[in-house]
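[1] Sharing a model prediction with you, sequence too.
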Amino acid sequence: MERGSHRGAYAVEQPAANIHHNPNAVGCGLFGCLGGLVFGLFSGAILLLLATLAVALATSLPPLPATPPDTPDLQATITENFLNTFAQQPTDGTVNVDILPGNQVALIGQTSLDILGVQTPLQVIGLFQIHVTEQMVQVVLISTEVSDVDIPSELNNFFVKDVPIINQDLQSMVNQVSETLGIPVIIIGVTSDNAQIQISVREVR
Amino acid sequence: MKQEGCLGLMLGSVLGALFCMLATLFLLRPVPPPPSVVQSSAITPDITIFISEQSLSRLASKNLGRDTLIDFDPNGQMKIITQVEAGSLQPVIQLGLLLDMQGTEMVSQLRWVKIGFLAIPARWLPVEARDLTVIAGQAIQSQIPPDFALIGLKTTANGLNFQLKWLGNR
C-alpha cells in the first residue's frame, strides 16, 4: 500500500523532475530551427537554380520572324541639302539639286553663254525621273529647259553626260548596301517629296 | 531534446523554404520599364537610316558565330536572346539593354539578364559582366561611316533608326 502510494507520488512528481533536469529543451528547439532555416534556404536556393537552369536548357531559341511584307530591311532617307553637297559644280556656274514629288529630281544649273560676244546668264533645268527595278535605281532625263533663251544646240545635251555618272553612283550605293549587310538586296521602292528621297531595300534570303 | 530539436529543424526548414519562395516571387516580378529617353535631335539630319531587327539579328548571328535574336521595343529598349556555352550545356539567356546616346556616341547599358524564369537585375551582376554588353552599342556604332556623326537614335518595334549628319568638307 505504501509502496503504491510512493509509486504514485513519484509518478506525479516526474514531469516536474524532467523540467528541472532538461533546461536546454528550448535551446535545442531554437538551434534545430536555425539549422532547419539554413537547410531550407540552402536547399531552396539549389532547387531554384536547378529549376531555372532546367527551364533555360529546355527552352529553344525562338525562330527569327520574317520581315513583314511591306517593311523594308533597310531604308535610307536622303535630304535635298545633302545631295546638293555632292552635286559636282561646273567651273563656270552652279548646279543645285531640287527633289520633287513623284520620284522626280530637277538639276538647276546657272551658267552663262557667249551670245554675239555678250556673256548672257541663263538657267538650265534638267528634269529626271527615277526608275526602280529590283536590282537597280536609274535616272532618266525627261526634259531640258532653258529660261528666256532659245536653246542653242550645245545645250540640248547639257545634262546628258551626267546621267551615266549619276546612275553609276546610284548602283555603287546599292552594291555598298549589299556589301555592308553581307547579303544580296532588292530594291522594293523609291519615294520622294519636296525635301527628301527615300530608298527601301529588302534582303534576299 | 531530440524531439524539440527535430521539431525546430522541421519548422526551420519550412520557414527557409517559404523565404526562398518569396525571394523567387521577388525575382520573378516584371522588370520595370526604363526611364523615358529623349533620343531625337534638334539638328536636321542629312541621312536617316532604318535597319530592321531581322537584319541586325542576322548580322549578330554571323558575328557571334551562333544564332542570336535581337528584338527592339520603343524607348531605346533592346533584347538579345542567344545561347551561351556553360561547359557542355547551352542554356538560352536573354539580355535586356537600353540604347542611348552620349554626345555622338551610341552606348548600350545592361538592365537585366534572364535565365530560365529568373530575371536578374544588372546591379546584382559584377561590373565585368555589365561592361561586356557595351560591345553591343559599339558594334552598331562601328557600322556608321567615319564621315558621319550620329545625331539621333530611335528604336521601334520593327528596328532601329539612325539620324546622321555629314561631317565632311562642303
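    Alright, I've got the coordinates.

[2] make it CA atoms for all contacts and neighbour counts henceforth
    Fine.

[3] where are the low-confidence patches of chain A?
    A:1-23, A:87-91, A:148-161 (pLDDT under 70).

[4] got a list of what the residue nearest in space to the middle of it touches?
    Nearest to the geometric centre of chain A sits A:Leu74, at 8.1 Å (C-alpha atoms, centre = their mean). Going by C-alpha atoms under 8 Å, 6 or more residues apart in numbering or on different chains, A:Leu74 touches A:200-202, B:49-52.

[5] Show me those residues that map onto strands.
    A:200-202, B:49-52 (DSSP state E).

[6] helix or strand right after the longest helix that chain A contains?
    Secondary structure of chain A read by DSSP state H shows that its longest helix is helix A:25-58. Beyond helix A:25-58 on the C-terminal side, the first helix or strand identified by DSSP states H and E is strand A:74-79.

[7] Whichever helix or strand comes after that next one: which residues count as buried?
    Downstream of strand A:74-79, the next assigned helix or strand under DSSP H and E is helix A:80-86. For helix A:80-86, the neighbour count (16 or more other C-alpha atoms under 10 Å in any protein chain shown) marks A:80-84 as buried.

[8] how about the helix or strand that helix A:80-86 is followed by: buried residues?
    Next along the chain after helix A:80-86, taking DSSP H and E as the criterion, comes strand A:94-100. Using 16+ other C-alpha under 10 Å as the test for burial, strand A:94-100 gives A:95-100.

[9] want to throw those residues into JSON lines with distance to chain B?
    Shown next, in JSON lines, are the buried residues of strand A:94-100 (distance: C-alpha to the nearest C-alpha, whole Å):
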{"residue": "A:Val95", "distance to chain B": "14"}
{"residue": "A:Asn96", "distance to chain B": "14"}
{"residue": "A:Val97", "distance to chain B": "14"}
{"residue": "A:Asp98", "distance to chain B": "15"}
{"residue": "A:Ile99", "distance to chain B": "14"}
{"residue": "A:Leu100", "distance to chain B": "17"}
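
[10] Pick the one among the residues you listed closest to B:Arg66.
    Nearest to B:Arg66 among the buried residues of strand A:94-100 is A:Ile99, at 43.5 Å by C-alpha to C-alpha.

[11] Pairing partners for the closest residue in space to the closest one that isn't next to it in sequence in the sheet, please.
    Once flanking residues are discounted, A:Ile99 sits nearest to A:Val105: 4.6 Å by C-alpha to C-alpha, 6 or more residues apart in numbering or on different chains. Beta-bridge partners recorded for A:Val105 (DSSP bridges): A:Ile99, A:Phe128.

[12] what number of residues lie near A:Val105?
    The local packing of A:Val105 (other C-alpha atoms under 10 Å in any protein chain shown) involves 24 other residues.

[13] ok, now which ones touch it?
    A:97-99, A:127-130 are the contacts of A:Val105 under C-alpha under 8 Å, 6+ apart.

[14] Am I right that B:Cys162 is in a strand?
    One thing to correct before we go on: residue B:162 is Phe, not Cys. Yes: counting by DSSP: H, G, I helix; E, B strand; the rest coil, B:Phe162 is found in a strand.

[15] gap between A:Leu50 and chain B?
    Counting by C-alpha to the nearest C-alpha, to the nearest Å, the gap from A:Leu50 to chain B is 10 Å.

[16] in the worst-scoring helix or strand of chain B on mean pLDDT, what's buried?
    The weakest-scoring helix or strand in chain B, judged by mean pLDDT, DSSP states H and E, is helix B:127-132 (a mean of 74). Neighbour counts over helix B:127-132 (16+ other C-alpha under 10 Å) mark B:Arg130 as buried.

[17] Touching, B:Leu118 and A:Leu50? I think so.
    No: using C-alpha atoms under 8 Å as the test, B:Leu118 is too far from A:Leu50 to be in contact (11.4 Å).

[18] In terms of neighbours, single out the busier of those two.
    Neighbour count, other C-alpha under 10 Å: between B:Leu118 and A:Leu50, B:Leu118 has more, with 22 against 13.

[19] Quick check: bridge partners of the more buried one?
    Taking DSSP bridges as the rule, B:Leu118 bridges to B:Ile115.

[20] From B:Leu132, how far out is it?
    20 Å (C-alpha to C-alpha, to the nearest Å).

[21] Equivalent analysis for B:Ile120, please.
    In terms of C-alpha to C-alpha, B:Ile120 sits 16 Å off from B:Leu132.

[22] so what pLDDT did the closest residue in space to B:Ser52 that isn't next to it in sequence get?
    Leaving aside its sequence neighbours, B:Ser52 sits nearest to B:Gly159 (C-alpha to C-alpha, 6+ apart; 4.2 Å). With respect to pLDDT, B:Gly159 scores 92.

[23] cool, and B:Arg123?
    For B:Arg123, the model assigns a pLDDT of 83.

[24] That one - that's part of a helix, no?
    Yes: when classified by three-state DSSP, B:Arg123 is found to be part of a helix.

[25] The helix ranked longest in chain B vs chain A: in contact?
    Longest among the helix segments of chain B by residue count, using DSSP H, is helix B:2-27. Yes: interface with chain A: helix B:2-27 contributes B:2, B:4-17, B:19-21, B:24 (C-alpha under 8 Å from any C-alpha of the partner chain).

[26] and the residues you listed, which are buried?
    Buried, going by 16+ other C-alpha under 10 Å: B:4-17, B:19-21, B:24, out of the residues of helix B:2-27 next to chain A.

[27] which stretches of chain B have low pLDDT?
    Those would be B:1, B:27-41, B:169-170, if you go by pLDDT under 70 across chain B.
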